[in-house]
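Q: I'll drop the sequence and a predicted model, then ask my questions.
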Amino acid sequence: MRILRGALRFLTSTSVGVAVMAVVAVWSLLGAMIPQGGEPGAYIAAYGGMSGRIILALGLNDVFHSDYFAGLLIFLSIMVFACSLKRLPRKMRLAHSREFIFDENRIPRMPNQDELVLDHDEEESRLHVVDICRRRFYSVSHRAGEAPDEGEARHAVFAAKMGLSRYGSFILHLSFIFLLAGGISGTRLGLRYFEEVRVGEDFTLRAGGDQVAVSVEDFIVEFDDRERVSDYVCEVSFRHERDGLTWYRIRPNHPLRYVGNEVFLLSFDEDPYVPEGFVMSVYDSAGGIILPHFFAGMGVGDYVEELGATVKAAHGVVPSLTLIFDDGRVETHIIERDPSAAGVGDGPYRFVLSYAVPSLAVLLEVVREPGQGLIIGGLALLTLGSFVSLYLSHRRIWFILVPLPGEKTRVVFGGRANRNREGFTKEFESIKDTLDELS
Amino acid sequence: MNSPDLVLAIVSAGAYLLAVLFLGFETVLSARSLRPVWTTLLAAGFAVHTAALITRSSLSGDVPFTDLFEYTLLFSWAMVLVYLLFFRNRLPAVGSLAMLVVVFLLLGSSFFYYSDPAGGKMPALKSYWLYIHVSLAALGETFFAIGFVASLIYLVRSRSADRDSLRSLDQLTYRAVSMGFPIFTAGAMVAGAIWAKQAWGTYWSWDPKEVLSLVVWLVYAVYLHARLVRGLKGRVAAGISIAGFLLTVFTIFGRGLHSYG
């Protein structure tokens, strides 16, 4: 029992919490400054023998995927939550309790206090006090009682608002547990992989227990007037055994959601090894130019009127063209790299390569993340908790109404707020001024 | 150098600098008559600064959020706005130093980070989360900047100034940090994570800029935690606030997946 109590005291200690937060901060900072995931030799080369070895020994070359960093984050989350749980009963008491004060000696100890004599009897004064507070959105309750020493009859009024503020840190700390649980379930139970595909290629996807063939049907890149990429979109088709063929468009920032999967268009790149086609000049056998800037696509058979044939490019050991003439003849020509080859040879045409047009490979990311609800919940709690704990202030005002001879009432009142004391002081003064008008 | 947004940014820096000079003269010479001069210069500087932002937007055809020059222009503008809205009646020293930071940012970004306004926005940035993420993060960081300025003055004066003046500086730092922290949380951490999920498929990828933002968040969380639970004040609190803002500056200039500028 003693060990358990000691462990709980350790877990809920503010100093330990701050120390762990500081360690996480320092370690994260080191992880941000030192390039992550490099080869061990690279650290020795970049930082020198001793420093490089220290970096490797401390695991600073891969901080964020290390078990000890994950352990530190889990420990921190458990700590802050344990801390919050420990303080919760007190916070609940503070947020909801209605404390009536009959002893005037307790009022001067409050940060804001004052005293007035109202020209009304006790009941009327109480109604005014309640009304003034309610107009400022306070929840008000009152009770009749006696002074502790003399037993003099009097009324106590308690006004409070924004008690929710007391739960701010609890909500904030709870968010860590949600985020951690979401992160862990996403890492352990989810799936994330990348597919680099060209137009016409496909890959498979698991969706609700079925295999779905995903084919990249088209990829459109838009350029602005300065020839810079301004937008791109990928058209994909999903072939599902039961549902048939469905077409979708995926854009950056607009992932596709499909039966528990999310497909993201991350980027695109030129594939240097597989060209989309060739741009060339076409000459006749006498060296006269027929087509100065002719594009032939890989495996795409386009009919070219000037040549009277359907033309397909291919990329084997050397770039080549296949010409299928109207009469059914098939000719294969090498696309010459040397411009001097123009006009040399026996065939009707010469093809001289200008440049190869690289093909574009699209980088898609497929994600299945079962913990998303927890993460969204955690992010919502994080926002709510930080605003509630720092922007709301639990304001409480205690009034003691003592009847005086001649239908007058002495009102002694004091108040406190847990945040924005300046704002509370202004409100307290305004309540005092309104009461003053009744005196 | 003759781009109107750049000229307006430099003119506004000049107006702020003159305002700080006159504020200094007023303090040193106890000449209250100089107050209208520096307040007019400050207002004029802010008006020109606003015009610089509007001009930049009209030239680029979008909100000025996308590169380092635009971010600094926006950040420094928000800093003046936050100072004028929440802290103008506090301490003149804080106002002067805050304006000097603004001048430094404006001139630094104008001379070293100015970019062609017709640069266009890359496809990855075409999301409404850009506006939420960047504007809230900048606003939160602006409050941290005010806290940094107050803490810096606190540390410089901690041996010579009277207790009331130090308490005001300490209180101002706390006020600025406690106002900025929820906004930074919502903007940099939460909106950033949601946008990262939409763009990259993951809420968190341990990118250097994300990590630095987390470190900034942790440093200010430590500050607030220690202050609210343990009542931490004084030089240590000021030191944490200064460290937090210096890390914020690192975060602003950090790259990684956030290489757009």
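A: All right, it came through fine. Numbers count the residues shown, from 1 in each chain, chains lettered A, B, ... in the order given.
Q: break chain A down into its structural domains.
A: Domain assignment of chain A by automatic domain parsing yields the ranges A:2-94, A:98-162+A:393-436, A:184-271+A:362-371, A:273-358.
Q: among those domains, which is nearest B:Ala51?
A: domain A:184-271+A:362-371 (26.4 Å; C-beta to C-beta). Using the backbone N, CA and C atoms, a C-beta is placed for each residue, glycine as well.
Q: where does A:Ala160 fall, phi/psi-wise?
A: According to degrees, to the nearest 10, the main-chain angles of A:Ala160 amount to phi -150, psi 150.
Q: how close does the closest residue to it other than its chain neighbours get to A:Arg93?
A: The shortest distance from A:Ala160 to any non-neighbouring residue, by C-beta to C-beta, 6 or more residues apart in numbering or on different chains, is to A:Arg396 (4.5 Å). The spacing between A:Arg396 and A:Arg93, counted by C-beta to C-beta, to the nearest Å, is 13 Å.
Q: could you do A:Ser389 as well?
A: Counting by C-beta to C-beta, the gap from A:Ser389 to A:Arg93 is 17 Å.
Q: run the chain-centre distance for stretch A:55-69.
A: 24 Å (C-alpha atoms, centre = their mean, to the nearest Å).
Q: for that stretch, buried residues please.
A: Under the neighbour-count criterion of 16 or more other C-beta atoms under 10 Å in any protein chain shown, stretch A:55-69 has A:55-56, A:60-61, A:63-64, A:66, A:69 buried.
Q: okay, A:Ser389 and A:Arg93: which has more neighbours?
A: Counting neighbours by other C-beta atoms under 10 Å in any protein chain shown for A:Ser389 and for A:Arg93 shows that A:Ser389 has the greater number, 25 against 11.
Q: give me the nearest residue to A:Ser389, chain neighbours excluded.
A: A:Gly168 (2.4 Å).
Q: what's the helix or strand for the one you found?
A: Using DSSP states H and E, A:Gly168 maps to helix A:168-189.
Q: does anything pack onto the following helix or strand past that helix? Which helices or strands?
A: Later in the chain than helix A:168-189, the nearest helix or strand by DSSP H and E is strand A:191-198. Judged by 3 or more C-beta pairs under 8 Å, 6 or more residues apart in numbering or on different chains; DSSP states H and E, strand A:191-198 is in contact with strand A:210-223, strand A:261-284, strand A:349-368.
Q: give the contact list for the residue nearest to A:Ser389.
A: The neighbours of A:Gly168, taking C-beta atoms under 8 Å, 6 or more residues apart in numbering or on different chains as the test, are A:385-390, A:392.
Q: would you mind putting the buried residues of stretch A:55-69 into JSON lines with secondary structure and pLDDT alongside?
A: Output for the buried residues of stretch A:55-69, formatted as JSON lines (DSSP: H, G, I helix; E, B strand; the rest coil; pLDDT from 0 to 100):
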{"residue": "A:Ile55", "secondary structure": "helix", "pLDDT": "88"}
{"residue": "A:Leu56", "secondary structure": "helix", "pLDDT": "88"}
{"residue": "A:Leu60", "secondary structure": "helix", "pLDDT": "87"}
{"residue": "A:Asn61", "secondary structure": "helix", "pLDDT": "88"}
{"residue": "A:Val63", "secondary structure": "helix", "pLDDT": "86"}
{"residue": "A:Phe64", "secondary structure": "helix", "pLDDT": "85"}
{"residue": "A:Ser66", "secondary structure": "coil", "pLDDT": "85"}
{"residue": "A:Phe69", "secondary structure": "helix", "pLDDT": "86"}
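Q: redo the residues you listed as JSON lines? Include distance to A:Val20.
A: Below are the buried residues of stretch A:55-69 laid out as JSON lines (distance: C-beta to C-beta, whole Å):
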{"residue": "A:Ile55", "distance to A:Val20": "22"}
{"residue": "A:Leu56", "distance to A:Val20": "24"}
{"residue": "A:Leu60", "distance to A:Val20": "18"}
{"residue": "A:Asn61", "distance to A:Val20": "23"}
{"residue": "A:Val63", "distance to A:Val20": "15"}
{"residue": "A:Phe64", "distance to A:Val20": "17"}
{"residue": "A:Ser66", "distance to A:Val20": "16"}
{"residue": "A:Phe69", "distance to A:Val20": "12"}
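Q: and chain B, which of these reach it?
A: Restricting the buried residues of stretch A:55-69 to those touching chain B (C-beta under 8 Å from any C-beta of the partner chain) yields A:Phe64.
Q: ok, of the buried residues of stretch A:55-69, which one's closest to chain B?
A: A:Phe64 (3.9 Å; C-beta to the nearest C-beta).
Q: quick check, that closest one in contact with B:Pro208.
A: No: taking C-beta atoms under 8 Å as the definition, A:Phe64 is not a contact partner of B:Pro208, at 10.4 Å.
Q: which other residues reach stretch B:187-197?
A: By C-beta under 8 Å, 6+ apart, stretch B:187-197 touches A:253, A:375, A:379, A:382-383, B:127, B:129-130, B:132-141, B:202-205, B:210, B:213-214, B:216-217.
Q: what does stretch A:25-40 give?
A: Stretch A:25-40 is contacted from outside by A:42-43, A:46, A:55-56, A:60-65, A:69, A:72, B:206, B:208, B:211-212, B:214-215, B:218-219, B:222, B:247, B:254, using C-beta under 8 Å, 6+ apart.
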